[in-house]
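A.B. asks: A predicted structure for the sequence below; I have some questions about it.
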Amino acid sequence: MANIQHIGIVGVGRMSKAIAIAFAYAGLPAQLIDAKERPVNEFETYQQQALQDISKELQLLVSTGFLLQADVEQVLGRISVLSKSQAPEFLQRCDLIMEGVSEVREAKQQIFAWLDAHIPADCIVASTTSTFLVGEIAAMVSHPERVINAHWLNPAYLIPLVELSKSAVTSAQVVTDLQQFLESIGKVTVVCNESAGYIVPRIQALAMNEAARMVEEGVASAEEIDKAIRTGFGLRFSVLGMLEFIDWGGGDILYYASQYLQKELGERYRPPQIIQTNMDKQHNGMREGKGFYDYAQVDVNAYKLQVMSTFVNRIDGVGLKPKFNVLH
Ligand SMILES: NC(=O)C1=CN([C@@H]2O[C@H](COP(=O)(O)OP(=O)(O)OC[C@H]3O[C@@H](n4cnc5c(N)ncnc54)[C@H](O)[C@@H]3O)[C@@H](O)[C@H]2O)C=CC1
Ligand SMILES: O=C(O)[C@@H](O)C(=O)[C@H](O)[C@@H](O)CO
């Protein structure tokens with residue numbers, strides 16, 4: 001595994017502070033870097049405020065049992081904040097940059113130009129950007145092969161997933177090094193090509209907009225919709241992947257349901273060509289032995305047992321397992 005020791009987290013906003021907590025929790029020094037030039041006393045107040053915010057978050061984590069009170073000081077002690085003028089000396093030694101400045105093109109451009117002047121040529125540059133494509137970020141620094149987007153999900157120190165988006169020129173070594181590094185601190189990584197919305201934001205934006213639209217149309221209250229998500233949609237998809245679930249229910253069912261919804265609700269429900277093509281090939285899922293996954297070599301009974309066990313554990317864990325004989 002690549003030896004990543006010096007990590008610069010650039011910007012001191014919500015994401016950067018949360019990422020700093022994730023690294024510090026894992027036992028690493030987390031160096032936050034204020035990306036804005038400020039007069040010395042203004043910076044001192046800003047620095048104090050940032051450390052206080054982090055301390056508050058850690059206390060929240062103690063209340064949840066995620067962190068022991070006895071470990072707070074150790075975690076906090078690993079996090080520090082450098083001013084922009086103090087940072088260059090540290091940047092020269094950086095192995096990894098996590099950039100977390102505002103989602104404003106000029107802000108990103110300015111900060112990458114500045115970073116470029118200080119970091120070594122082989123320092124991995126990862127942006128937390130929600131929207132800019134990795135190629136756009138790569139165009140802002142030299143050595144584009146070291147640039148990759150690392151999209152953490154909120155709250156970054158709790159949600160395991162980090163989506164890594166590589167450009168056509170991101171080096172395979174950079175992808176592997178960052179994956180291995182993030183996984184060594186307990187994160188789960190997925191890699192996707194350069195495309196708007198990575199995987200999760202692209203899917204969740206559709207779902208979130210639809211939920212908001214249902215409130216707008218008076219279909220159900222916010223409370224009812226969220227209850228449905230917590231106890232149905234979200235619970236199920238915490239066990240089964242989305243494409244895996246298509247294979248369980250059948251791609252053909254999704255096709256027919258989508259056609260109906262398209263007629264009633266609009267074009268956004270039109271099924272993609274791949275669903276139709278799979279139907280034509282009789283690749284609708286598990287029943288046919290092939291769908292998005294190939295079940296030819298899979299012991300389907302053992303696989304179903306494993307999924308069912310996970311479901312049972314999950315509903316038990318959230319206190320929703322029905323009581324046997326409740327009405328007997
Ligand atoms: N907030 C969220 O839920 C998520 C945000 N992201 C991404 O993380 C990045 C940071 O977002 P947040 O932490 O939410 O932002 P934030 O607003 O909390 O923090 C932004 C940081 O950028 C600095 N900054 C603002 N303008 C600047 C400028 N002109 N020059 C230098 N520094 C400047 C601020 O001082 C602050 O430290 C964005 O790219 C965003 O898309 C990614 C996932 C989730
Ligand atoms: O936690 C998340 O999913 C965020 O990382 C986001 O990128 C934004 O909330 C975005 O998905 C909003 O649609």
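C.D. replies: Thanks, I have the structure now. Numbering: from 1, shown residues only. Ligands and ions are numbered 1, 2, ... in the order given.
A.B. asks: quick one: contacts of stretch 132-149?
C.D. replies: 99, 103, 105, 108-109, 112-113, 115-116, 121-129, 163-171, 174-175, 178, 194-196, 198 (Cβ atoms under 8 Å, 6 or more residues apart in numbering). From N, CA and C alone the C-beta is placed, and that goes for glycine too.
A.B. asks: List the ones among these that fall in strands.
C.D. replies: Among the contacts of stretch 132-149, the members found in strands (DSSP state E) are 99, 124, 125, 126, 127, 163, 164, 165, 166.
A.B. asks: Show me which of these are buried.
C.D. replies: 99, 124, 125, 126, 127, 163, 164, 165, 166 (16 or more other Cβ atoms under 10 Å).
A.B. asks: of these, list those near ligand 1.
C.D. replies: Taking Cβ under 6 Å from any ligand atom as the test, ligand 1 is in contact with none of those.
A.B. asks: closest to residue 87 among the residues you listed?
C.D. replies: For these, the minimum distance to residue 87 (Cβ to Cβ) is 12.7 Å, reached by residue 99.
A.B. asks: ok, that closest one - contacts?
C.D. replies: Residue 99 neighbours (Cβ under 8 Å, 6+ apart): 10, 11, 108, 111, 112, 115, 125, 126, 127, 128, 129, 137.
A.B. asks: Which residues of the stretch 201-328 of the chain lie near ligand 2?
C.D. replies: Counting by Cβ under 6 Å from any ligand atom, the stretch 201-328 of the chain sits next to ligand 2 at 201, 204, 205.
A.B. asks: any idea which of the residues you listed has the most stuff around it?
C.D. replies: Using other Cβ atoms under 10 Å as the neighbour test, these are led by residue 201, with 16 neighbours.
A.B. asks: Pull the contacting residues for that one.
C.D. replies: With Cβ under 8 Å, 6+ apart, residue 201 has these contacts: 130, 151.
A.B. asks: hmm, back to that, specify which member of the ones in strands among the contacts of stretch 132-149 is nearest to residue 285.
C.D. replies: residue 163 (25.7 Å).
A.B. asks: Kindly state the pLDDT recorded for residue 316?
C.D. replies: Note on residue 316: pLDDT of 96.
A.B. asks: can you check residue 3 too?
C.D. replies: Residue 3 is assigned 88 on the pLDDT scale.
A.B. asks: Distance check, it against ligand 1.
C.D. replies: Relative to ligand 1, residue 3 is positioned 26 Å away (Cβ to the nearest ligand atom, to the nearest Å).
A.B. asks: Is it correct that that residue falls within a strand?
C.D. replies: No: read with DSSP: H, G, I helix; E, B strand; the rest coil, residue 3 is coil and lies in no strand.
A.B. asks: my read: it touches residue 95, true?
C.D. replies: Yes: if you go by Cβ atoms under 8 Å, residue 3 and residue 95 touch, sitting 7.1 Å apart.
A.B. asks: ok, back up a step: in helices, which of the residues of the stretch 201-328 of the chain next to ligand 2 fall?
C.D. replies: Mapping those onto helices (DSSP state H) picks out 201, 204, 205.
A.B. asks: Out of these, which is nearest to ligand 1?
C.D. replies: When those are ranked by distance to ligand 1 (Cβ to the nearest ligand atom), residue 201 comes first, at 8.1 Å.
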